[in-house]
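Novice: Quick one, structure for this:
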Amino acid sequence: MTKRIVVTGIGASTPLGGTAPDTWTALLAGESGANSLDYEWASMYDLPVTFAMEAKVRPSEVLERVETKRLDPSSQFALISAREAWADAGAPDIDKTRIGVEYSTGIGGLWTLLDAWDTLREKGSRRVLPMTVPMLMPNAASAAVSMDLDARAFARTDVSACASSTEAIANAYDHLQQGYADIILAGGTESCVHPITLASFSSMQALSRRNDEPTKASRPYDRDRDGFVMGEGAATLVLETLEHAQARGAKIYAEIAGGGVTSDSYHITAPDPEGRGAARAVFAALAQAGATVDDVTHINAHATSTPVGDIAEYKALLAVFGDRVHEIPVSATKGAHGHLLGGTGALEALITVLAVQSRTAPPTINLDNQDPEIPLFVPTAPHALGDGPQLAITNSFGFGGHNAVVAIRSYEG
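Specialist: Modelled structure (predicted):
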């Protein structure tokens with residue numbers, strides 16, 4: 001028998017706020033997390049893009065100094081959001097061997113790696129920190145969360161570019177179904193606002209270059225969109241079976257109803273222009289949820305604000321839902337919080353959880369002139385979803401042709 005998997009805790013540190021509630025409040029208010037980068041390196045390297053969406057609350061304001069020195073920023077954000085989620089879930093006192101961690105990143109400890117390289121070149125090998133490798137490895141965030149909460153069932157790391165943390169949630173759903181753990185902390189993190197990534201993404205024409213108006217730069221579905229805006233931060237969901245949650249009297253936000261993971265096998269950076277792999281991932285998530293396309297009441301789209309990517313996703317959704325897709329409220333929240341790369345799926349899943357719980361689709365900002373080739377229903381103010389049961393999907397797609405979709409259902413008892 002399929003188990004019902006529920007969300008009992010949430011945590012986040014994002015460009016919109018230092019906690020999940022603060023992030024949600026800012027999102028509904030139509031705020032943007034974008035700012036010009038006030039660093040010497042922003043001008044030193046003649047970067048074509050000099051803005052991003054950095055986390056609103058710096059880790060040093062939350063963590064102990066020893067923690068910031070021993071963890072890459074990506075792991076710092078993971079630890080902050082996981083602690084919030086765990087506390088929000090009531091810090092359940094259960095057998096530690098039944099607590100799992102399914103955490104993801106797209107790139108990992110970039111700052112640690114490149115700072116160590118600078119140290120080696122400028123000061124020699126003896127000055128390279130002995131913790132460099134444990135700090136830069138992609139599984140560092142998962143390990144940090146596991147050790148902090150004494151989670152001993154497993155600590156897994158999903159690395160699938162920008163689909164990573166949606167895939168982590170889909171995998172956590174499967175692992176709870178299979179009985180590998182009673183509770184799993186699933187999420188993702190990224191901290192790559194660095195000159196090398198800004199330069200690289202700019203070279204491939206992926207980033208917006210609206211240096212003169214950063215808050216207007218991320219423009220999903222707008223005719224004048226010119227690329228995504230890099231963000232940073234982390235988000236975490238605490239997942240468990242409904243039976244386990246009820247037995248301990250936990251509050252329940254929503255249900256993770258299913259997930260789908262596919263591959264385009266098309267191009268290392270470009271999506272399949274017809275969205276075929278993405279469409280299969282949506283169908284797979286709905287099949288696992290025991291739902292049909294007619295049950296879906298809301299979509300949180302990947303919608304990075306790139307000219308090609310937004311259209312490919314629209315074609316995928318059209319292939320799945322037909323003309324009905326034009327009636328479903330679609331939120332493209334990267335307009336507000338930017339693209340957190342490997343952490344973005346977890347953040348958007350968290351947002352979708354709150355959307356179905358509150359029955360409110362969050363607004364898409366900066367949509368001034370909607371692209372006529374993408375005639376979706378995209379509310380630019382908070383939109384009521386109605387009083388009945390809700391079923392939403394949240395999409396994530398990454399370089400390498402990775403597609404991951406999670407279906408999220410309102411909890412009806």
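Novice: what's in contact with the helix or strand of the chain with the lowest mean pLDDT?
Specialist: For the chain, counting by mean pLDDT, DSSP states H and E, helix 40-44 ranks last in confidence among helices and strands (a mean of 90). Contacts to helix 40-44, defined as Cβ atoms under 8 Å, 6 or more residues apart in numbering, come from residues 36, 47, 50, 195. (Glycine included, C-beta is placed from N, CA and C.)
Novice: Sitting in helices, which of those residues do you find?
Specialist: Members of those lying in helices (criterion: DSSP state H): residue 195.
Novice: which of the contacts of helix 40-44 has the most neighbours?
Specialist: Within the contacts of helix 40-44, most neighbours by other Cβ atoms under 10 Å means residue 50, with 19 neighbours.
Novice: confidence score at that one?
Specialist: Listed pLDDT for residue 50 reads 97.
Novice: ok, now how distant is the residue nearest the centre of the chain from residue 155?
Specialist: Closest to where the C-alpha atoms of the chain average out (Cα atoms, centre = their mean) is residue 344, at 2.1 Å. Separation of residue 344 from residue 155 (Cβ to Cβ, to the nearest Å): 21 Å.
Novice: Would you map the strands across the protein?
Specialist: Secondary structure of the chain (DSSP state E): strands at 5-13, 35-36, 51-52, 99-104, 154-158, 183-190, 233-241, 254-263, 298-300, 330-331, 360-361, 383-384, 391-398, 402-410.
Novice: With residue 72 as the reference, name the closest of the ones you listed.
Specialist: strand 183-190 (9.5 Å; Cβ to Cβ).
Novice: Mind giving me the packing neighbours of that closest one?
Specialist: Using 3 or more Cβ pairs under 8 Å, 6 or more residues apart in numbering; DSSP states H and E, the elements in contact with strand 183-190 are helix 73-88, strand 99-104, helix 140-149, helix 164-177, strand 233-241, helix 344-358.
Novice: ok, now with 7 Å
Specialist: Helices and strands touching strand 183-190, by 3 or more Cβ pairs under 7 Å, 6 or more residues apart in numbering; DSSP states H and E, are helix 73-88, strand 99-104, helix 164-177, strand 233-241, helix 344-358.
Novice: mind putting the ones you listed in TSV, mean pLDDT included?
Specialist: Output for these, formatted as TSV (pLDDT from 0 to 100):
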stretch	mean pLDDT
helix 73-88	98
strand 99-104	98
helix 164-177	98
strand 233-241	98
helix 344-358	98
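Novice: need those in CSV with distance to residue 298, can you?
Specialist: What follows is the helices and strands packed on strand 183-190, written out as CSV (distance: least, Cβ to Cβ, whole Å):
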stretch, distance to residue 298
helix 73-88, 22
strand 99-104, 23
helix 164-177, 16
strand 233-241, 17
helix 344-358, 6
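Novice: Residue 205 is nearest to which of those?
Specialist: If we rank those by Cβ to Cβ, the stretch that ends up nearest is helix 344-358, at 19.7 Å.
Novice: Next, the angle from that closest one to strand 183-190.
Specialist: Using axes from the mean of the first three to the mean of the last three Cα atoms, to 10 degrees, the inter-axis angle of helix 344-358 relative to strand 183-190 is 120 degrees.
Novice: Need the contact partners of helix 344-358.
Specialist: 7, 10, 12, 14, 20, 24, 27, 162-166, 168-169, 187-188, 233, 235-237, 253-254, 298, 300, 333, 337, 340, 361-362, 390, 392, 394, 396, 404, 406, 408-410 (Cβ atoms under 7 Å, 6 or more residues apart in numbering).
Novice: Please state the offset of it from the chain centre?
Specialist: Its chain's C-alpha centre and that of helix 344-358 lie 9 Å apart, by Cα atoms, centre = their mean, to the nearest Å.
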